[in-house]
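J.: Quick one, what's the 3D model for this:
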Amino acid sequence: MSQPDFLYELFEDFMDDPANQDFSMDNGLVCRWMTGQAKISPKISAYYSKPSNQEKLAHTIHQNLLPLMSDCNMAIPQIANYAMFLTEQQEPERGISELQKLSGIIKEYHSDHCLDYAKVQETLGTIYLMTANLPQAKTHFKRAFKIYEKIWADEPEMIEAKYQEIQELYPQIGFCIEKNLSGLLTK
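T.: Have a look, this model is predicted:
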């Protein structure tokens, strides 16, 4: 999206107002606005100084621009990585809390039967496994697997690979727990 197009999206209500029909955003001026070399037009500033228009601007930003600025496909893995990092830094409760929030958002805005939801459940299971909370780990792995089995119903090799991947976590995590415990005992 070009800078003028971005500002047309941002100031949509201003541009749609019949009183501003003659206003145009020339590329050079827009570039100076975007780089901070010039102030935004006083006409735009005056328009959005009215409280009712401020609400319109906030709505426009939320509806038109925030979706352009976020990469949903990357947000979920990034939050999962962050939760794992918190767990490795001895803050699993914070990681679990972040994943539970994410899980709720996915469920509310998408579904609790989608691949993203399954990945969050799997990460929760991994964290619970890392903290030796086997009942919770099992619960979250089962939730993830129900979804994987539905989504990959025609691809049994995918289901088997995921099953093997999770099965391999148990001894790996057990080794890490043992290593951490022995480190604590020798200090």
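
J.: residue contacts, residue 64?
T.: Counting by Cβ atoms under 8 Å, 6 or more residues apart in numbering, residue 64 makes contact with 9, 10, 12. Using the backbone N, CA and C atoms, a C-beta is placed for each residue, glycine as well.

J.: Closest one to residue 30 out of those residues, please.
T.: Among those, residue 10 lies closest to residue 30 (Cβ to Cβ), at 10.8 Å.

J.: what's the spacing between that closest one and residue 74?
T.: In this view, residue 10 and residue 74 are 23 Å apart by Cβ to Cβ, to the nearest Å.

J.: quick one, which of those two is more surrounded?
T.: Neighbours around residue 10 and residue 74, counted as other Cβ atoms under 10 Å, are more numerous at residue 10. The numbers are 17 against 9.

J.: Might one say that the more buried one is in contact with residue 62?
T.: No: checked against Cβ atoms under 8 Å, the pair residue 10 and residue 62 is beyond contact range at 11.6 Å.

J.: Tell me which helix or strand the spatially most central residue of the chain sits in.
T.: Closest to where the C-alpha atoms of the chain average out (Cα atoms, centre = their mean) is residue 75, at 3.0 Å. Secondary structure assignment for residue 75, by DSSP states H and E: helix 72-88.

J.: Quick one: mean pLDDT over the helix or strand hosting residue 122.
T.: For residue 122, the host element (DSSP H and E) is helix 115-130. For helix 115-130, mean pLDDT rounds to 94.

J.: contact partners of stretch 82-101?
T.: 79, 80, 120, 123, 124, 126, 127, 128, 130, 131.
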